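*Asks:* All I have is the shape, not the residue letters:
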């Protein structure tokens, strides 16, 4: 109560110039995009469809959990697999999330990012959860306050509509999908466009650019509610995204690692990977254990010239997702792997 009340600062959006100014650092945005990209040329939405079954459970549960939902992760999985009808508001919240995720995975590759699509996400998420059904997917006319914060969102519908459209248009122009995802996540929550469910909408909408560019989806799994609230508080009361960046980076790295593994488990073995399985293990060991530059590690293998470029790409992918919990497959110890990671994953 001692903090000074603050209102919406439209310059947070107005001063943002897509691809010229950034919320994430360009280096971090590029690194995360490189980690989470589905290799190869595929239609938009391919990655999301490959991991959809797991994503539905993870994102539905984690987003609902951040709203105080009492279902556990196993209970959520059981609810989805049983096909049972909702019997309480918590079940409705989870099933609405499931429907919203299914909607964007199908609609985004065809429609792209647009205001109507985001409004439909809200309508699906809040179906049977709002007393007034006319509020579904529409700009709010009700006064909204943020509990536990001194932030006072804008209350004029014309301003809400103008800024909402501006956020969508600017996000459409952002080339890096991780920067676009972060921009949508913080700005949709900050504006509070709808009567309720704004943070839920922001978490689902953050996945729209990731679906378009075949990036690993963002599930917010294992995010602590207090950490999330603090990250949002920085945005609400100070337009300070530093805590939000920390949380976003941490949770996206976890999401990327998980969904890369899920997608890989669904694929048939790649003959190229099988052929060079031992060589790949040897090269990873040389880079991590002996700090050998990646080019030297590959040169030492004396590969056929036609296979070297693809091998280097595969090696870089494996090094990007290497962690202390998956290093044993390369006969590496956890401590030596973590030491290499702590040094910044040197490959040159």
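*Replies:* Sure thing, it's come through. Treat the numbers as computed from the prediction; the structure is a model and nothing was measured.
*Asks:* quick one: the strands in the chain?
*Replies:* Taking DSSP state E to define them, one finds strands in the chain at 6-7, 151-152.
*Asks:* Grab the most central residue of the chain for me.
*Replies:* By Cα atoms, centre = their mean, the chain has its centre lying nearest to residue 218, at 2.5 Å.
*Asks:* So that residue versus residue 46, what's the distance?
*Replies:* 17 Å (Cβ to Cβ, to the nearest Å). All C-beta spots, glycine's among them, are computed from the backbone N, C-alpha and C.
*Asks:* Which residues does stretch 306-325 contact?
*Replies:* With Cβ atoms under 8 Å, 6 or more residues apart in numbering as the test, stretch 306-325 has contacts from 34-35, 39, 256-257, 260, 272-273, 276, 279-280, 283-284, 287-288, 294-295, 297-298, 301, 303, 330, 334-335, 337-338, 340-341, 345, 347.
*Asks:* Could you pull out the buried residues of that stretch?
*Replies:* 311, 312, 314, 315, 318, 319, 320, 322, 324 (16 or more other Cβ atoms under 10 Å).
*Asks:* starting at the chain centroid, how far to that stretch?
*Replies:* How far stretch 306-325 lies from its chain's middle: 23 Å, per Cα atoms, centre = their mean, to the nearest Å.
*Asks:* from here on, count from 649
*Replies:* Let's use 649 as the start, then, which means that last one is stretch 954-973.
*Asks:* Could I get the average pLDDT for stretch 938-948?
*Replies:* Stretch 938-948 comes out with an average pLDDT of 93.
*Asks:* buried sites along it?
*Replies:* 940, 942, 945, 946.
*Asks:* Report the separation between the two terminal residues of that stretch.
*Replies:* 13 Å (Cα to Cα, to the nearest Å).
*Asks:* Contact partners for the residue lying closest to residue 822 once chain neighbours are set aside?
*Replies:* With Cβ to Cβ, 6 or more residues apart in numbering as the criterion, residue 822 has its nearest non-adjacent residue at 3.9 Å, and that residue is residue 828. For residue 828, the contact set (Cβ under 8 Å, 6+ apart) comprises 761, 819, 822, 857.
*Asks:* go again using 7 Å as the cut-off
*Replies:* Residues near residue 828 by Cβ atoms under 7 Å, 6 or more residues apart in numbering: 819, 822, 857.
*Asks:* and what of residue 975?
*Replies:* For residue 975, the contact set (Cβ under 7 Å, 6+ apart) comprises 982, 985.
*Asks:* Can you mark which positions in the worst-scoring helix or strand of the chain on mean pLDDT are buried?
*Replies:* Considering only helices and strands, the least confidently modelled element of the chain by mean pLDDT, DSSP states H and E is helix 919-923, at a mean of 81. Residues of helix 919-923 classed as buried by neighbour count (16+ other Cβ under 10 Å): none.
*Asks:* Equivalent analysis for stretch 981-992, please.
*Replies:* By neighbour count, with 16+ other Cβ under 10 Å as the criterion, the buried positions of stretch 981-992 are 985, 988, 989.
*Asks:* try stretch 740-748
*Replies:* In stretch 740-748, the ones that count as buried by 16+ other Cβ under 10 Å are 740, 741, 742, 743, 744, 745, 746, 748.
*Asks:* And the contacts of that stretch?
*Replies:* 704, 707-709, 711-712, 715, 717, 719, 724, 727-728, 734, 769, 772-773, 775-777, 852.
*Asks:* so how far is that stretch off the chain centroid?
*Replies:* 18 Å.
*Asks:* Just the mean pLDDT for that stretch, thanks.
*Replies:* Taken as a whole, stretch 740-748 carries a mean pLDDT of 97.
*Asks:* Now the spatially closest residue to residue 873 that is not a sequence neighbour: phi and psi?
*Replies:* Residue nearest to residue 873 in three dimensions, not counting chain neighbours: residue 714, with 5.7 Å by Cβ to Cβ, 6+ apart. Listed backbone geometry of residue 714 is phi -70, psi -20, with angles given as degrees, to the nearest 10.
*Asks:* what's the distance between residue 714 and residue 867?
*Replies:* Taking Cβ to Cβ as the measure, residue 714 and residue 867 are separated by 11 Å.
*Asks:* Not counting its neighbours along the chain, what's nearest residue 706?
*Replies:* The shortest distance from residue 706 to any residue that is not its chain neighbour, by Cβ to Cβ, 6+ apart, is 4.0 Å, and that residue is residue 867.
*Asks:* Surely that neighbour touches residue 705?
*Replies:* No. Using Cβ atoms under 7 Å, residue 867 and residue 705 do not qualify as a contacting pair, with a distance of 9.0 Å.
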